[in-house]
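Trainee: here is my input, please return the structure:
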Amino acid sequence: MTLHLAPAPNHDERLADLLAKTSPEARQRRVDATTWPALDAIAPLLPDRRLPRGAVVEVLGDRYLLMALAAGAAQHPDLHVGLVGLPDLGLAALSAMGVSYSRLATADDPGPQWAEVVSALVREGAFGVILLEPTTAPQPRDHQRLTARLRESGSTLLVTTPWPGAALRLTTSRPRIEGLGDGWGHITSRTVDAACTGRGRAGTRTRTATLLLPGPDGTAQPLAPAIERTTGSTAAAVTA
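Mentor: Okay, here's the model as predicted:
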């Protein structure tokens with residue numbers, strides 16, 4: 001029997017292959033495949049300027065920030081958004097942020113079955129992003145089962161309560177309202193200081209930015225460049 005062996009690639013071919021795999025374009029393709037898009041105003045807060053897929057993200061205390069994250073992800077043409085346990089979330093405001101009614105599904109009062117509802121929505125990635133406010137206290141088995149299901153499906157869970165092992169935590173502080181007078185007028189915009197915290201190789205990284213959330217047109221708008229700090233480091237960097 002005669003064996004025919006393919007010739008080994010020469011040095012130039014190996015180098016070209018390595019450069020192709022490590023090029024900025026190749027890295028961006030890998031990032032795009034494992035993340036969802038984000039609104040321009042929110043992107044500087046997030047690692048790689050995008051929302052991680054297959055992960056849990058805590059969004060604590062600010063419904064507008066919750067909606068802005070969903071609206072950014074909904075820029076992906078095939079993404080659908082599920083709302084679970086959020087009957088008072090303003091669908092008109094969510095639409096103004098950029099999420100079409102045709103790509104929404106809601107389960108306003110799932111009761112103690114909220115984990116089963118979320119699990120059904122993310123099955124096979126049918127809904128890329130789920131907004132969740134648990135209607136009963138989560139149990140450890142809920143955290144474990146849903147975290148595993150999200151990793152399998154590539155869907156992202158935006159949850160309004162603390163969640164063990166969450167990839168990111170986003171919060172806002174110091175809200176300032178424009179447009180209201182002494183007993184008259186209506187809100188025209190709202191300014192907040194937003195922060196995103198997550199684990200990095202150098203420690204816990206926190207990015208902060210001042211935003212109009214929402215601005216006069218109902219969307220998120222940046223007011224200042226984002227700042228990134230790493231716990232234990234004296235350095236601070238402005239992110240693009």
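
Trainee: show me the strands in this structure, by range?
Mentor: Applying DSSP state E to the chain gives strands spanning 35-36, 51-52, 56-60, 81-84, 104-107, 129-132, 156-159, 168-180, 185-200, 203-212, 221-222, 227-230, 236-238.

Trainee: take these and write them to a markdown table, including mean pLDDT and distance to Q139.
Mentor: Any C-beta I mention is one placed from the backbone N, CA and C, and that applies to glycine too. Listed next are the strands of the chain as a markdown table, based on pLDDT from 0 to 100; distance: least, Cβ to Cβ, whole Å:
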| stretch | mean pLDDT | distance to Q139 |
| --- | --- | --- |
| strand 35-36 | 96 | 28 |
| strand 51-52 | 96 | 24 |
| strand 56-60 | 97 | 15 |
| strand 81-84 | 97 | 16 |
| strand 104-107 | 96 | 19 |
| strand 129-132 | 98 | 15 |
| strand 156-159 | 98 | 14 |
| strand 168-180 | 89 | 21 |
| strand 185-200 | 84 | 24 |
| strand 203-212 | 90 | 27 |
| strand 221-222 | 94 | 39 |
| strand 227-230 | 86 | 34 |
| strand 236-238 | 42 | 39 |
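
Trainee: the spatially most central residue of the chain: what's it in contact with?
Mentor: Centroid-nearest residue in the chain: L51, 3.6 Å away (criterion: Cα atoms, centre = their mean). Applying Cβ atoms under 8 Å, 6 or more residues apart in numbering to L51 gives the contacts T35, W36, P37, A38, V57, L69, G72, A73, V129, T156.

Trainee: quick one: contacts for the spatially closest residue to it that is not a sequence neighbour?
Mentor: Take L51 and drop its neighbours on the chain: the residue closest to it by Cβ to Cβ, 6 or more residues apart in numbering is W36, 4.4 Å away. Counting by Cβ under 8 Å, 6+ apart, W36 makes contact with R50, L51, P52, R53, G72, A73, H76, L79, G128, V129, T156.

Trainee: which residues pair with the nearest residue to the first one once chain neighbours are set aside across the strands?
Mentor: The spatial neighbour of R50 that comes closest, neighbours along the chain excluded (Cβ to Cβ, 6+ apart), is T35 at 3.6 Å. Here T35 sits in beta bridges with P52, as judged by DSSP bridges.

Trainee: from T197, how far out is T35?
Mentor: Per Cβ to Cβ, to the nearest Å, T35 is found 18 Å from T197.

Trainee: A220 and P44 touch, don't they?
Mentor: No - under the criterion of Cβ atoms under 8 Å, A220 makes no contact with P44, lying 11.3 Å away.

Trainee: neighbour count winner among the two?
Mentor: Neighbour totals were compared for A220 and P44, and A220 leads with 26 against 23 (other Cβ atoms under 10 Å).

Trainee: which non-adjacent residue is nearest the more buried one?
Mentor: Excluding its sequence neighbours, the residue lying closest to A220 (Cβ to Cβ, 6+ apart) is A41, at 3.9 Å.

Trainee: got it, and V122?
Mentor: With Cβ to Cβ, 6+ apart as the criterion, V122 has its nearest non-adjacent residue at 4.0 Å, and that residue is S155.

Trainee: related to what we said a few turns ago, which ones are touching the residue nearest to A220?
Mentor: Counting by Cβ under 8 Å, 6+ apart, A41 touches A68, A209, L211, L212, L213, T219, A220, Q221, P222.
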